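A.B. asks: Prediction below, plus the sequence it came from.
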Amino acid sequence: MMSEGILLQYTGVQLNREENIILRDVDLKVNRGDFLYIIGKVGSGKSTLLKSMYAEIPIEKGDARVFDYRLQDLKRKEIPYLRRKIGIVFQDFQLLIDRTVEKNLEFVLRATGWKEKGAISNRINEVLVQVGMQNKTYKMPHELSGGEQQRIVIARALLNSPLLILADEPTGNLDPETGSQIVDLLQQISATGTAVIMSTHNYSIVQTFPGRIMKCEEMGLVDLNHPA
Ligand SMILES: Nc1ncnc2c1ncn2[C@@H]1O[C@H](COP(=O)(O)OP(=O)(O)OP(=O)(O)O)[C@@H](O)[C@H]1O
């Protein structure tokens, strides 16, 4: 059991892609409500690190804990339970293009065990209000702008009240103004106690919105807030 308030703790973690070491000796601690940036060059391992946190990439060495799970010992059948407590905002998790916003959100709730129609509809309304999209319930994804789609993806990540949100380049395809609005939204979410870890290439965002900054560099994760 991790101590109160710590959501994620990595100690001496190594991550590989195929045979190659991508990151080694990673130490990282994330508490409730933290806002953490992962920066670093293209190919430096930002996505690899985030993917390891939801057990998409195995822990090669070290101790990696998320909530009460030890990722290095995680059984395949435990992965859905871990993921249910994490909000994932990744390019690989796009909206389903063949159904409305409401049906996209309902699909996730039903897949995670929600059955009661009234509860489902209330929860969908709550998350849409939270991201400022309550008037888009019946829109198809192609009827939304990139920024609006990203808000719906964030709404979807919020459905099961996660303690941790992982966002990989959430502003990557957005214009600067829309990108800032998305980060502002993620900051509001972290202020409610949900930790947010986001990767970005965008230095102006990192300078504008406060957060801890960690950098993937030379196969390691460097803490820019507390230089060694
Ligand atoms: N599916 C894969 N199989 C094998 N190697 C991979 C795979 N995906 C990425 N890699 C390698 O792992 C390294 C780290 O990639 P990763 O995607 O984590 O970097 P990144 O910092 O997120 O980059 P970007 O800024 O481009 O998103 C790269 O050298 C890449 O070539």
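C.D. replies: Everything's here; your move.

A.B. asks: pLDDT below threshold where in this structure?
C.D. replies: Within the chain, the stretches with pLDDT under 70 are 1-3, 92, 227-228.

A.B. asks: Flag every residue of it that's near the ligand.
C.D. replies: Proximity of the chain to the ligand, by Cβ under 6 Å from any ligand atom, involves residues 17, 18, 22, 40, 42, 43, 44, 45, 46, 47, 48, 216. The way it works is simple: take the backbone N, C-alpha and C, and place the C-beta from them, glycine included.

A.B. asks: same thing but at 8 Å, please
C.D. replies: Contact residues (Cβ under 8 Å from any ligand atom) of the chain with the ligand: 17-18, 20, 22, 40-51, 168-169, 199, 201, 216.

A.B. asks: ok, and for the one helix or strand residue 206 maps to, which residues are buried?
C.D. replies: Assigned by DSSP states H and E, residue 206 belongs to helix 203-208. Within helix 203-208, the residues that count as buried by 16 or more other Cβ atoms under 10 Å are 205, 206.

A.B. asks: quick one on the thing from earlier: from the residues of the chain next to the ligand, which land in helices?
C.D. replies: The helices, defined by DSSP state H, take in 46, 47, 48, 49, 50, 51 from these.

A.B. asks: Tally up the residues packed near the third one, please.
C.D. replies: Other residues near residue 48 come to 17 when the count uses other Cβ atoms under 10 Å.

A.B. asks: Now it: closest residue in space, sequence neighbours ignored.
C.D. replies: For residue 48, ignoring the flanking residues on the chain, the nearest one in space by Cβ to Cβ, 6 or more residues apart in numbering is residue 22 at 4.8 Å.

A.B. asks: Is it correct that residue 174 is in contact with residue 151?
C.D. replies: No - using Cβ atoms under 8 Å, residue 174 makes no contact with residue 151, being 10.6 Å away.

A.B. asks: what's near enough to touch the closest residue to residue 209 other than its chain neighbours?
C.D. replies: Leaving aside its chain neighbours, residue 209 sits nearest to residue 183 (5.1 Å; criterion: Cβ to Cβ, 6+ apart). By Cβ atoms under 8 Å, 6 or more residues apart in numbering, the contact list for residue 183 reads 170, 171, 198, 205, 208, 209.
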